[in-house]
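In: here is a sequence together with a model predicted from it:
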Amino acid sequence: MDFSSYKTAENKVPVEVSAKHIHISKKDADILFGPDHVFSARRQLKFNDVFVTSDSVEIRVKGGSLPNVHIVMPFRDQTKVELAATDIFKLTKETIFDSEGKQRQFDVEIVGPKGRLKLDSMPLVACRHLHASPSDAESLGLKDGDVISVVTDGPRSVVLNNVLVRVQEGAVLTCHLDTDEGHAAGISREGFGFVIKD
Ligand SMILES: [Zn+2]
C-alpha cells in the first residue's frame, strides 16, 4: 500500500525507542537503594527533567532474570517495569498476550543493591504512545486519548496501529516505541514517522 499521502511535513513526528527500563516510586527506591541514595544521570531524554540513571536493578520473573535494567527519573507515584515482548519471552518463555488476547500479568521481583521488593500481577509492556503538548496536538488535529496509527519511513517502513495520544503541558512531541518495535522499523534509537488518523 502507498502511504506517501500521509508523509507530509505537517504529519511528521519524531520517534524515540526506549530500551527496557523501570520507573520507581520514592518509597520503593528507598528499599532498593537505601534512603540516602542520589541518582545520577547517564542519559538525558528529550523531556526536560527526565533522565536515565546510571543505577540499575535486576528484574526476576518466573525464574528468569534480566540484569541491568536502568531507572528512569524523576520518581513516579507507582513503580512500573517497562519491557519489550522479547524481554518477556526471554524471562518467561511466554508471549505478552494469552489465548484470549488479554495482556498477561506477571509477579515480578526487583532486586537492587540494598534490598528487594515484589510486585504482584503487573503488565510489563507499555502501550505505544505519542506525547504531544497542547499546541502540537492542535496542529496535528489530535486530542488527548485519541488512538492513531503512525507510519515510519525507510526500507523497513511499518505501520504502528493503536498508538495512544497523550497530551500534556510541556510535553515534547515524540512517539515512544519499545526495542522490538524499533528493530522491526529499522530504527535503533531515533527516527521519525507520520501520523495517520481518520
Ligand atoms: Zn513515553
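Out: Structure's in. What do you need?
In: can you show me the helices along this protein?
Out: Ranges of helices within the chain are 26-33, 85-92, 134-140, 179-185, based on DSSP state H.
In: could I get these as TSV with mean pLDDT and distance to Glu109?
Out: Bear in mind the C-beta positions are built from the backbone N, C-alpha and C, glycine included. Formatted as TSV, the helices of the chain follow (pLDDT from 0 to 100; distance: least, C-beta to C-beta, whole Å):
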stretch	mean pLDDT	distance to Glu109
helix 26-33	97	11
helix 85-92	94	11
helix 134-140	96	39
helix 179-185	95	22
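In: go through those and name the closest to Thr152.
Out: Within these, the stretch nearest Thr152 is helix 179-185; the backing value is 4.3 Å (C-beta to C-beta).
In: can I get the helix or strand bottoming out on mean pLDDT in the chain in CSV? Just the C-alpha atoms.
Out: For the chain, counting by mean pLDDT, DSSP states H and E, strand 41-44 ranks last in confidence among helices and strands (a mean of 83). Extracted in CSV, the C-alpha atoms of strand 41-44 (Å, rounded to 0.1, in the frame of the first residue of the first chain):
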residue,chain,number,x,y,z
ALA,A,41,22.0,11.0,35.0
ARG,A,42,23.5,8.7,32.5
ARG,A,43,21.5,10.0,29.6
GLN,A,44,19.1,12.9,29.4
